[in-house]
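> I need the structure of the sequence given here:
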Amino acid sequence: MAMTTKRRVLYRQGTGFWRMTMKWVLVFGALYLLDGGLFRSWGDALVWPMIGILLWLPFGVGVVWYPRKDQRVVLTTRELRVRRKRLPMEKVNLLHVARLWLEGRSTADDQPVLDWPRLDRVVWVPLLDGRAFGVELRDPAAFAKVFGAFAVEACGGPDIVRARAAAETYPQPRPIRARPADDDGSWADLLDVFN
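Reported below is the predicted structural model:
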């Protein structure tokens, strides 16, 4: 009988569909309660939930959620999943991640990671071959904290990370750019990482 080990999930970010839907329900539900309780009758106030339902599909789903539907991210001890693609940890330069986390900085703008605001931001994940790909996150500081702590632990601790970073040389990660238009594919080169 084969033993299966459970993957430990370190960080999870969903698409935000249910969060968006709940906000929509709360806004139009509050309008219904205010209108029905203070201004008009409850029957007349039913217009607000109907407006909410009619506007939910084109604006709630189409404008608010659909552009962010690809922001599903799951970080486990074995892999980083972005949408349905999987990147094994063997391809990630954990030493570089751990060194940056111990220094408390970002390669993108040298702004301290813990000072990152909670808004959509692309975090570059370095690979062993010198490339880096972007992962779009709603709370980048929380992801960086979890990923950095995991990288330090996986590399053996802060002292070992500092010693290895001083001794080893590896290519400086460079963001993956889009392919030229005359190439066979028109998607960003980011997708090549997972093949």
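> tell me which element residue 169 falls in.
Following DSSP states H and E, one finds residue 169 outside all helices and strands.
> biggest helix in the protein, by residue count?
helix 17-34 (DSSP state H).
> List phi and psi for residue 156.
Dihedral pair for residue 156: phi 110, psi 0, per degrees, to the nearest 10.
> And the pLDDT at it?
pLDDT for residue 156: 89.
> Ok, residue 153 next?
Looking at residue 153, the pLDDT reads 90.
> just checking, what packs against the one helix or strand it maps to?
When elements are assigned from DSSP H and E, residue 153 belongs to helix 140-155. Under the contact criterion of 3 or more CB pairs under 8 Å, 6 or more residues apart in numbering; DSSP states H and E, helix 140-155 touches strand 9-13, strand 73-76, helix 94-103, strand 121-126, helix 158-167. (Glycine included, C-beta is placed from N, CA and C.)
> Which among those is found nearest to residue 52?
strand 9-13 (26.1 Å; CB to CB).
> Report all helices and strands that the closest one contacts.
strand 73-76, helix 140-155.
> how far does the helix holding residue 153 sit from the chain's center?
On the basis of CA atoms, centre = their mean, to the nearest Å, helix 140-155 sits 13 Å off its chain's mean C-alpha point.
> Please apply the same query to stretch 31-39.
Centroid separation for stretch 31-39 versus its chain: 38 Å, with CA atoms, centre = their mean.
> Quick check: phi and psi at the residue of the chain positioned farthest from its centre.
Most distant from the centre of the chain: residue 41, at 44.6 Å, with distances by CA atoms, centre = their mean. As for residue 41, its main-chain torsions (degrees, to the nearest 10) stand at phi -80, psi 160.
> where's it relative to residue 32, distance?
Applying CB to CB, to the nearest Å, the value for residue 41 to residue 32 is 12 Å.
> now residue 46
Computed as CB to CB, the residue 46 to residue 32 distance reads 7 Å.
> neighbour-wise, which of these two wins?
residue 32 (19 against 14; other CB atoms under 10 Å).
> Okay then, goodbye and thanks.
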